[in-house]
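Peer 1: Need coordinates for the below:
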Amino acid sequence: MKEIKGILETYEKLDFSRQKAALATVVRIQGSSYRQPGARMLILDDGHWNGAISGGCLEGDALRKAREVMRTGRPRFVSYDTTRDKPTDHIPFSMGCEGIIDVLIEPLDNDSSTCHPVRIFKEYLSSFQKQLIVTLYDASHESMGNPGERLHINHKGQVTDNFSNPEVREIVINETEKMTSWITSFHGEIVLGNHMATLFYEILDVPLQLLIFGGGYDVIPVVQMAKNLGWRVTVADECIAKTYPQKFPDADKVLNIPGIDVYREAREMKGAYALIMSHNFKYDLEVLRGLLKTDIGYLGVLGPKKRIKTMLDELKKEGKNSWKDAEKRIHAPVGLNMGAETPDEIAISIIAEILAVHNGKPGGFLKDKKGHIHDRETAVQVV
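Peer 2: The predicted model follows:
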């Protein structure tokens, strides 16, 4: 989300009467890589770029390849093999990263065609809803299509594409219709006769929504860190003196919400993550009571274990059923065990826990993880 927003901001400032640009996208990873499929960088002909496709080791060569793409106007598929011990034509030094990174570099202009990457990014950022992009990035024969051809399905299910091979288009559409739940990006291969096309099925997912109840000074670093990750952040409190927008300039919304109105305001925020950190026991209890009636699955509560136990005891006394699934939804004390003390350190602990939960990870030391750091991709071949 943040990377796409930065690319769009740079693109909007371009003067195409004097400048040229290209877009580099990581479309497939085999083995280890610093960035994952979907990482992008917008490259300008003056040598500047926005975004990244690696930790800094591939950008120089990508810039050289991008200048060729800008000059010819033809997309180019590049495969970077970092498993070799010796330098290559693409990488003039040994990296030892033990991975193969496939990158599509395509020219960008100010065209507003339906499948232009920038148009798709704009629709994504304006809707904040899930999108699917299928990009052809390699073909054994030109009859299968050209690198850079793509199909786009927006959040309304509307399909646009510029595939030149009607059979490829039909197969891709049929495959996307079978995808009842878009979970993760992957690559697929289409074989027609003796020829093959390779495609990147990319999910542009809904940005993480964070709802913070509390307007204290310790909320400020939480908001800042969440926004740096591209999350959508709403800050709410019952105290008007704490909920003025100037206090939280990075937040997407700053709301005044009395405890009694929490359920009404939060019930439509499915998939959101909620933090309760107002330091006001009565308000925090009212907020927790309201949130437990919603479908929000993560409820982080700041404070010691005794405090949250008192809250749950209060809910039990009311004789309501809202507390029954509380233990699996409530994370209290909120945050990873990092020895955090200051507001900034506590914010890191909280944000790290939310990220771990969102990604389905335990949040431990990577050195203790068995196997690879990232899940390895499996190719899907469509005949």
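
Peer 1: in the protein, what spans have low per-residue confidence?
Peer 2: For the chain, the stretches flagged by pLDDT under 70 are 84-97, 179-183, 320-324, 372-383.

Peer 1: residue nearest the centroid of it?
Peer 2: Centre of the chain computed as the mean C-alpha position; nearest residue by Cα atoms, centre = their mean is residue 1, 5.4 Å away.

Peer 1: Tell me how many other residues crowd the residue nearest to that one when sequence neighbours are not counted.
Peer 2: Spatial nearest neighbour of residue 1, chain neighbours left out: residue 230 (3.3 Å); criterion: Cβ to Cβ, 6 or more residues apart in numbering. Yep, even glycine has a C-beta here, placed from its N, CA and C like the rest. Neighbours of residue 230 under the rule other Cβ atoms under 10 Å: 14.

Peer 1: heads up, I number from 311, so please use that
Peer 2: Taking 311 as the first residue, the last one we looked at is residue 540.

Peer 1: residues touching residue 540, list them.
Peer 2: Shown in contact with residue 540 (Cβ atoms under 8 Å, 6 or more residues apart in numbering): 311, 312, 313, 315, 517, 518.

Peer 1: Now do the SS call for the closest residue to residue 647 other than its chain neighbours.
Peer 2: Distance criterion Cβ to Cβ, 6+ apart; nearest residue to residue 647, sequence neighbours excluded, is residue 659 at 8.0 Å. Counting by DSSP: H, G, I helix; E, B strand; the rest coil, the backbone at residue 659 sits in helix.

Peer 1: what about residue 659, how many neighbours?
Peer 2: Neighbourhood size, residue 659 [other Cβ under 10 Å]: 20.

Peer 1: now the helices for the stretch 311-460 of the chain?
Peer 2: For the stretch 311-460 of the chain, helices defined by DSSP state H, counting those that start in this stretch occupy the ranges 312-322, 369-382, 427-437.

Peer 1: which one of those helices lies closest to residue 496?
Peer 2: Evaluated over the helices of the stretch 311-460 of the chain, closeness to residue 496 peaks at helix 427-437, with 18.4 Å, by Cβ to Cβ.

Peer 1: now the angle between helix 312-322 and that closest one, please.
Peer 2: Helix 427-437 runs at 120 degrees relative to helix 312-322, counting by axes from the mean of the first three to the mean of the last three Cα atoms, to 10 degrees.

Peer 1: tell me the contacts of residue 446?
Peer 2: 454, 455, 456, 457, 458, 459, 460, 473, 478, 507, 508, 509.

Peer 1: Next, format these as JSON lines and append distance to residue 613 and neighbour count.
Peer 2: Supplementary listing: these in JSON lines, determined by distance: Cβ to Cβ, whole Å; neighbours: other Cβ atoms under 10 Å:
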{"residue": "454", "distance to residue 613": "59", "neighbour count": "23"}
{"residue": "455", "distance to residue 613": "57", "neighbour count": "24"}
{"residue": "456", "distance to residue 613": "58", "neighbour count": "17"}
{"residue": "457", "distance to residue 613": "54", "neighbour count": "20"}
{"residue": "458", "distance to residue 613": "53", "neighbour count": "22"}
{"residue": "459", "distance to residue 613": "54", "neighbour count": "24"}
{"residue": "460", "distance to residue 613": "49", "neighbour count": "25"}
{"residue": "473", "distance to residue 613": "55", "neighbour count": "23"}
{"residue": "478", "distance to residue 613": "56", "neighbour count": "24"}
{"residue": "507", "distance to residue 613": "55", "neighbour count": "28"}
{"residue": "508", "distance to residue 613": "52", "neighbour count": "22"}
{"residue": "509", "distance to residue 613": "49", "neighbour count": "30"}
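
Peer 1: Out of those, which is nearest to residue 525?
Peer 2: residue 460 (43.8 Å).

Peer 1: The closest one pairs with what?
Peer 2: For residue 460, the beta-bridge partners are residue 445 (DSSP bridges).

Peer 1: Could you measure from it over to residue 441?
Peer 2: According to Cβ to Cβ, to the nearest Å, residue 460 stands 12 Å off from residue 441.

Peer 1: Wait, residue 334 touches residue 350, no?
Peer 2: Yes: here residue 334 reaches residue 350: they are 6.6 Å apart, a contact under Cβ atoms under 8 Å.

Peer 1: In space, what's closest to residue 354 - neighbours in sequence excluded?
Peer 2: Nearest to residue 354 is residue 331, by Cβ to Cβ, 6+ apart, at 5.4 Å.

Peer 1: Relative to the centre of this protein, find the outermost residue for me.
Peer 2: Distance from the C-alpha centroid of the chain peaks at residue 627, with 41.2 Å (Cα atoms, centre = their mean).

Peer 1: Now do the contacts for that residue.
Peer 2: Residues near residue 627 by Cβ under 8 Å, 6+ apart: none.

Peer 1: just to revisit the earlier point, mind checking the SS state of the residue nearest to residue 311?
Peer 2: Here residue 540 takes the coil state, with states given by three-state DSSP.

Peer 1: And it, its phi and psi?
Peer 2: Residue 540 adopts backbone torsions of phi 80, psi 20, taken as degrees, to the nearest 10.

Peer 1: what number of residues lie near residue 479?
Peer 2: Residue 479: 18 neighbours (other Cβ under 10 Å).

Peer 1: Other residues contacting the one helix or strand it maps to?
Peer 2: Taking DSSP states H and E as the definition, residue 479 sits inside helix 476-488. By Cβ under 8 Å, 6+ apart, the list of residues contacting helix 476-488 from outside reads 442, 444, 446, 454-455, 461, 463, 469, 471, 473, 498, 500, 502, 507, 509, 511, 692.

Peer 1: that older thread, more neighbours: residue 334 and residue 350, which one.
Peer 2: Per other Cβ under 10 Å, whichever of residue 334 and residue 350 has more neighbours is residue 334, with 27 against 22.

Peer 1: For that one, list the residues it contacts.
Peer 2: Listed by Cβ under 8 Å, 6+ apart, the contact partners of residue 334 are 350, 351, 353, 363, 372, 375, 376, 413, 414, 415.
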